[in-house]
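[1] prediction below, plus the sequence it came from.
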Amino acid sequence: MHYAVTSEQMKALDAHTIKDMGIPSLVLMERAALCTVEEIREPLFSKERILLVCGSGNNGADGVAMARILHNRGVTAEIFLVGNKDRWTEEMRIQIDIAKNYRVPFVNNPAWDEYTTIVDAIFGVGLSRKVSGRYNDVITSINAASARVISVDIPSGIHGNTGEIMGTAVRADKTVTFAFPKAGLYFYPGAEYAGELAVADIGIQMMETGDTRKYYSCMDERELGLLPKRQPSGNKGDFGKVLMIAGTKGMSGAAFLASNACLAAGAGMVRIHTREENRIILQTQLPEAMLSVYGEEDWNPRAVGEAVGWADVIAIGPGIGKDPMLLDMIAWILENSRKPMVLDADCLNLLSTQEELLAKRSGPCVITPHMGEMARLLHTTVSALKKEFPKNVQAYGRSKNLVCVCKDARTVTCLPDGTCYLNLTGNEGMATAGAGDVLTGVIAGLLAQGLPAEKAAPLGVYIHGRAGDIAKEKLGSYSMLARDIIRGLAPIMRERG
Ligand SMILES: NC(=O)C1=CN([C@@H]2O[C@H](COP(=O)(O)OP(=O)(O)OC[C@H]3O[C@@H](n4cnc5c(N)ncnc54)[C@H](OP(=O)(O)O)[C@@H]3O)[C@@H](O)[C@H]2O)[C@@H](O)CC1
Ligand SMILES: [K+]
């Protein structure tokens with residue numbers, strides 16, 4: 001696992017390293033400049049002729065230091081200052097003096113197409129407002145030039161916290177970011193603008209006493225170790241029994257995908273509770289699952305009560321539809337069971353009309369809304385949700401004491417204690433029908449094997465994304481289907497046995 005930080009958090013970590021630990025700012029800067037110079041290499045970058053475009057702050061000062069290092073190594077490196085001299089930082093003033101001492105060339109009006117590489121050192125984590133005027137023109141020229149572009153710390157014009165384009169932004173081929181990835185390099189469109197990402201260790205550490213919950217937590221392959229080892233002596237009951245309440249008339253596919261994914265994620269047994277019209281098709285498609293059914297006017301309280309008693313984990317939602325009758329069933333389960341639950345899709349849409357029901361449950365609970373469903377739960381619009389994202393999702397998870405997986409191009413998982421996981425696996429091919437049902441099944445499967453909701457949800461999102469990446473590699477993003485994501489689970493789970 002690693003952490004991603006906001007611009008403000010990075011500034012605090014910089015200041016802590018300089019003031020409390022005593023490493024001079026210029027030492028950090030020299031390391032930053034050296035690390036970035038090392039990244040200018042074939043095959044992506046040619047050192048034939050390099051332009052360093054530098055702003056007035058310390059991002060610009062990094063660029064000037066890089067120019068001097070390159071110049072002293074015999075590379076043709078020229079500095080173009082775009083900032084306002086009156087706003088130069090102390091470090092910038094010093095770097096300019098040093099560059100002048102070494103006679104590094106400055107240009108006022110660069111011939112953009114004569115460079116093989118452009119270093120973007122205009123704004124870093126200090127970007128504080130929309131980009132306009134001369135800065136806008138310069139960024140447009142960088143993007144139009146034939147040179148390859150390497151951005152220092154973050155592409156200029158990308159918001160370090162949200163990844164949004166602040167008016168205009170540099171499109172980099174590579175970004176070298178210092179100490180910790182900035183969240184804006186992971187969220188879209190920032191992730192796309194950053195190009196290839198390198199994280200340079202320049203000597204800044206997390207504060208030992210700090211509460212890491214304030215940073216974004218990002219899982220990687222090491223977290224697969226959280227998967228409980230399957231005991232050779234175990235039987236199917238030991239690996240958990242999942243009740244999957246899914247599939248209205250004509251929506252058997254959602255029930256199939258979620259249940260299939262749940263078994264493929266390692267659950268011992270799955271029992272589907274679905275509309276009676278789905279009986280034959282589901283029993284044919286997925287004979288490994290058990291089945292009970294309900295009719296048009298009755299959700300079959302007896303069958304549900306018995307199934308809830310049997311299950312270790314309950315998942316409700318994939319393709320169940322919006323029939324108000326189902327709200328009675330959901331209410332009954334929330335009130336009567338303390339077993340771990342995953343609530344998805346139409347279950348959440350039904351609950352958005354009677355939110356007090358969520359408060360009635362007391363067991364561990366994971367909800368998996370996409371942005372539209374999340375907005376509905378918060379009684380707001382998607383655009384308003386995005387403005388305060390993910391703080392509003394964190395607040396919701398905390399207030400309802402549940403784990404909230406908010407699905408988007410970068411899915412976040414917010415825990416009741418405020419921890420926020422940012423998922424880095426997955427791809428655009430997963431924007432396909434049924435992919436969400438697969439996720440519900442994977443999380444339910446992990447819960448069934450005994451993982452707590454706080455781990456099952458972010459790990460499920462991570463595994464689901466990686467399975468999607470495997471599907472994309474095989475089939476491409478256009479043709480991969482939700483069932484291919486399920487097939488992608490095996491190579492990942494196999495790493496554990
Ligand atoms: N010792 C350290 O701390 C280390 C820091 N490091 C490096 O420093 C970077 C942070 O430096 P920073 O804090 O000086 O901010 P930075 O990103 O250069 O931008 C501020 C400048 O931009 C300007 N400006 C902002 N928005 C604008 C807009 N829309 N349109 C126009 N102008 C705008 C703003 O102008 P002002 O608001 O003052 O008018 C100011 O001049 C960090 O990303 C890393 O690269 C590393 O070397 C490691 C050690
Ligand atoms: K930059």
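    In hand now; what should we look at? Ligands and ions are numbered 1, 2, ... in the order given.
[2] how about the helix or strand of the chain with the lowest mean pLDDT: buried residues?
    Every helix and strand of the chain was ranked by mean pLDDT, DSSP states H and E. The lowest is helix 356-360, at a mean of 88. For helix 356-360, burial by neighbour count (16 or more other C-beta atoms under 10 Å) applies to 357, 358. (Glycine included, C-beta is placed from N, CA and C.)
[3] now stretch 486-497
    486, 487, 488, 489, 492, 493.
[4] do the same with stretch 44-57
    45, 47, 50, 51, 52, 53, 54, 55, 56, 57.
[5] pLDDT weak spots in the stretch 301-450 of the chain?
    Judged by pLDDT under 70, the stretch 301-450 of the chain has no weakly predicted residues.
[6] for it, list the residues in contact with ligand 2, please.
    For the stretch 301-450 of the chain, the contact set with ligand 2 under C-beta under 5 Å from the ion is empty.
[7] and the helices in the stretch 301-450 of the chain?
    301-310, 325-336, 345-351, 356-360, 371-377, 382-387, 391-400, 435-448 (DSSP state H, counting those that start in this stretch).
[8] out of the ones you listed, which is the most enclosed?
    Of all the helices of the stretch 301-450 of the chain, helix 435-448 has the most neighbours on average by mean count of other C-beta atoms under 10 Å, namely a mean of 30.
[9] state the mean pLDDT of stretch 217-226.
    Averaged across stretch 217-226, pLDDT comes to 95.
[10] so what touches it?
    1-4, 181, 186, 419-424, 451, 455, 458-459, 462-463, 492, 495-496 (C-beta atoms under 8 Å, 6 or more residues apart in numbering).
[11] got the end-to-end distance for stretch 84-91?
    14 Å (C-alpha to C-alpha, to the nearest Å).
[12] ditto for stretch 234-244
    By C-alpha to C-alpha, one end of stretch 234-244 lies 22 Å from the other end.
[13] okay, buried residues for that stretch please.
    Buried residues in stretch 234-244 (16+ other C-beta under 10 Å): 239, 240, 241, 242, 243, 244.
[14] that older thread, filter the buried residues of stretch 486-497 by proximity to ligand 1?
    The subset of these lying close to ligand 1, counting by C-beta under 6 Å from any ligand atom, is empty.
[15] need those in JSON lines (columns: distance to ligand 2).
    Listed next are the buried residues of stretch 486-497 as JSON lines, based on distance: C-beta to the ion, whole Å:
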{"residue": "486", "distance to ligand 2": "41"}
{"residue": "487", "distance to ligand 2": "41"}
{"residue": "488", "distance to ligand 2": "36"}
{"residue": "489", "distance to ligand 2": "39"}
{"residue": "492", "distance to ligand 2": "35"}
{"residue": "493", "distance to ligand 2": "40"}
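[16] wait, is residue 126 part of a strand?
    No. Counting by DSSP: H, G, I helix; E, B strand; the rest coil, residue 126 falls outside a strand, being coil.
[17] right, and it touches residue 59 too?
    Yes. Using C-beta atoms under 8 Å, residue 126 is in contact with residue 59, at 6.6 Å.
[18] comparing those two, which residue is more hemmed in?
    Neighbour count, other C-beta atoms under 10 Å: between residue 126 and residue 59, residue 59 has more, with 26 against 16.
[19] if you skip the residues just before and after it, what's nearest to residue 433?
    In space, residue 433 comes closest to residue 482 once its chain neighbours are excluded; the distance is 6.4 Å by C-beta to C-beta, 6 or more residues apart in numbering.
[20] could you list the domains of this protein?
    2-215, 221-496 (automatic domain parsing).
[21] first-to-last residue distance for the shortest one?
    Separation of the first and last residues of domain 2-215 by C-alpha to C-alpha is 10 Å.
[22] now find how far off-centre that domain is within its chain.
    The chain centroid and the centroid of domain 2-215 are separated by 23 Å under C-alpha atoms, centre = their mean, to the nearest Å.
[23] ok, it near ligand 2 or not?
    Yes. Judged by C-beta under 5 Å from the ion, domain 2-215 and ligand 2 are in contact via 120, 151, 152, 156.
[24] now the third one: closest residue in space that isn't a chain neighbour?
    Of all residues beyond its chain neighbours, the one nearest residue 152 is residue 121 (4.3 Å), with distances taken as C-beta to C-beta, 6+ apart.
[25] please apply the same query to the second one.
    Excluding its sequence neighbours, the residue lying closest to residue 151 (C-beta to C-beta, 6+ apart) is residue 172, at 3.9 Å.
[26] same thing with residue 185?
    Excluding its sequence neighbours, the residue lying closest to residue 185 (C-beta to C-beta, 6+ apart) is residue 194, at 4.8 Å.
[27] residue 154 is in contact with the one you found, correct?
    Yes. Under the criterion of C-beta under 8 Å, residue 194 makes contact with residue 154 at 7.3 Å.
[28] quick one: the residue nearest to residue 151 and residue 134, what's the gap?
    20 Å (C-beta to C-beta, to the nearest Å).
[29] who's more crowded, those two?
    Neighbours were counted for residue 172 and for residue 134 using other C-beta under 10 Å; residue 172 has more, 27 against 11.
[30] the strands in the stretch 151-300 of the chain, which residues?
    174-178, 196-200, 216-218, 241-245, 269-275, 290-294 (DSSP state E, counting those that start in this stretch).
[31] now render these as TSV, adding distance to residue 399.
    Formatted as TSV, the strands of the stretch 151-300 of the chain follow (distance: least, C-beta to C-beta, whole Å):
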stretch	distance to residue 399
strand 174-178	34
strand 196-200	34
strand 216-218	20
strand 241-245	25
strand 269-275	30
strand 290-294	32
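[32] okay, those, which one's buried deepest?
    Most buried among those, given mean count of other C-beta under 10 Å as the contact rule, is strand 241-245, at a mean of 28.
[33] got the angle for that one vs helix 301-310?
    Strand 241-245 runs at 150 degrees relative to helix 301-310, counting by axes from the mean of the first three to the mean of the last three C-alpha atoms, to 10 degrees.
[34] what pairs with strand 241-245, and is each one parallel or antiparallel?
    Applying DSSP bridges, strand 241-245 is found paired with strand 269-275 (parallel), strand 313-316 (parallel).
[35] who wins for proximity to residue 362 among these?
    Taking C-beta to C-beta, strand 313-316 is the member of the strands paired with strand 241-245 nearest to residue 362, at 13.5 Å.
[36] contact partners of that closest one?
    240-246, 258, 262, 267, 308, 330, 333, 337, 339-344, 347, 440-441, 443-444, 447-448.
[37] the same query, at a cut-off of 6 Å, please.
    With contact meaning C-beta atoms under 6 Å, 6 or more residues apart in numbering, strand 313-316 is reached by 242-245, 339-343, 347, 440, 444, 447-448.
[38] with just CA atoms, put it into PDB.
    Extracted in PDB, the C-alpha atoms of strand 313-316 (Å, rounded to 0.1, in the frame of the first residue of the first chain):
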ATOM      1  CA  VAL A 313     -23.400 -12.800   4.300                       C
ATOM      2  CA  ILE A 314     -26.300 -11.100   2.500                       C
ATOM      3  CA  ALA A 315     -26.000  -9.200  -0.800                       C
ATOM      4  CA  ILE A 316     -29.000  -7.300  -2.100                       C
END
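[39] which of the residues in that strand are buried?
    313, 314, 315, 316.
[40] quick revisit: just curious, which of the buried residues of stretch 44-57 is nearest to ligand 1?
    Distance to ligand 1 across the buried residues of stretch 44-57 (C-beta to the nearest ligand atom) is lowest for residue 57, with 2.3 Å.
[41] who touches that closest one in this structure?
    89, 126.
[42] what about residue 435, distance to residue 441?
    11 Å.
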